[in-house]
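A.B. asks: Dropping a prediction and its sequence here:
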Amino acid sequence: MTDQPDLRHGESRSVDNSSSVVVDLREYRQSKDPLPVTFHRRELDAILWIYGRMVGDGEWRDYAIDHLKDKAVFSVFKRSGEMPLFRIEKNPKLAAKQGAYSVINVHGTILKRGHELNQVLKVFDKALKLVDK
């Protein structure tokens, strides 16, 4: 016979929790494998508005979105098998310095960088030209 109570008759057994630690599973997973950086809905809306305009002009034809550990990248292509013409990047580590958003061309040159995505995307605005008749 054992000294434990008979649980069939409605008695409860107490457990010593002095050495137990409760761990939030979500926090544990994030500490082991942090979530990737992503574009928020409003950021994607702004980027896709520019993308739609450029597709309409025949400049761009395809895009890709990459959510990496340290940054999110929206790449645009003239043809899907080529290098991206431009990359729109969001890097939160640079938010306090030069700004989290940047537009990079096919050669890796940063065309514009800043804290506000809409300001950075103005690099795609076409310059108005004066036409003399």
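C.D. replies: Good, I have the coordinates. Bear in mind that the values here come from a model prediction, so they are computed numbers and not experimental data.
A.B. asks: Run through this protein and note the low-pLDDT ranges.
C.D. replies: Along the chain, segments meeting pLDDT under 70 span 1-19, 29-32, 80, 126-133.
A.B. asks: which helix of it spans the most residues?
C.D. replies: If you go by DSSP state H, the chain has its longest helix at helix 41-56.
A.B. asks: quick one: buried residues of that one?
C.D. replies: Of all the residues in helix 41-56, those buried under the rule 16 or more other Cβ atoms under 10 Å are E43, L44, A46, I47, I50, Y51, M54. Every residue, glycine included, has its C-beta placed from N, CA and C.
A.B. asks: which one of those sits closest to V123?
C.D. replies: I50 (9.5 Å; Cβ to Cβ).
A.B. asks: May I have stretch 108-122 as CSV, with CA atoms only?
C.D. replies: These are the backbone C-alpha positions of stretch 108-122, laid out as CSV (Å, rounded to 0.1, in the frame of the first residue of the first chain):
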residue,chain,number,x,y,z
GLY,A,108,23.4,48.1,-55.3
THR,A,109,23.4,51.9,-55.1
ILE,A,110,21.0,53.4,-52.5
LEU,A,111,18.9,55.9,-54.5
LYS,A,112,17.0,57.2,-51.5
ARG,A,113,16.8,56.5,-47.8
GLY,A,114,14.6,57.8,-45.0
HIS,A,115,12.3,57.5,-42.0
GLU,A,116,9.1,57.9,-44.0
LEU,A,117,8.2,55.3,-46.7
ASN,A,118,6.1,57.7,-48.7
GLN,A,119,9.0,60.1,-49.0
VAL,A,120,11.4,57.4,-50.0
LEU,A,121,9.0,56.2,-52.7
LYS,A,122,9.0,59.6,-54.3
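A.B. asks: which residues in the protein form helices?
C.D. replies: Secondary structure of the chain (DSSP H): helices at 25-32, 41-56, 117-120.
A.B. asks: contact partners of the longest one?
C.D. replies: Taking Cβ atoms under 8 Å, 6 or more residues apart in numbering as the criterion, the residues outside helix 41-56 that touch it are F39, W60, R61, Y63, F74, V76, I88, K90, L117, N118, L121, F124.
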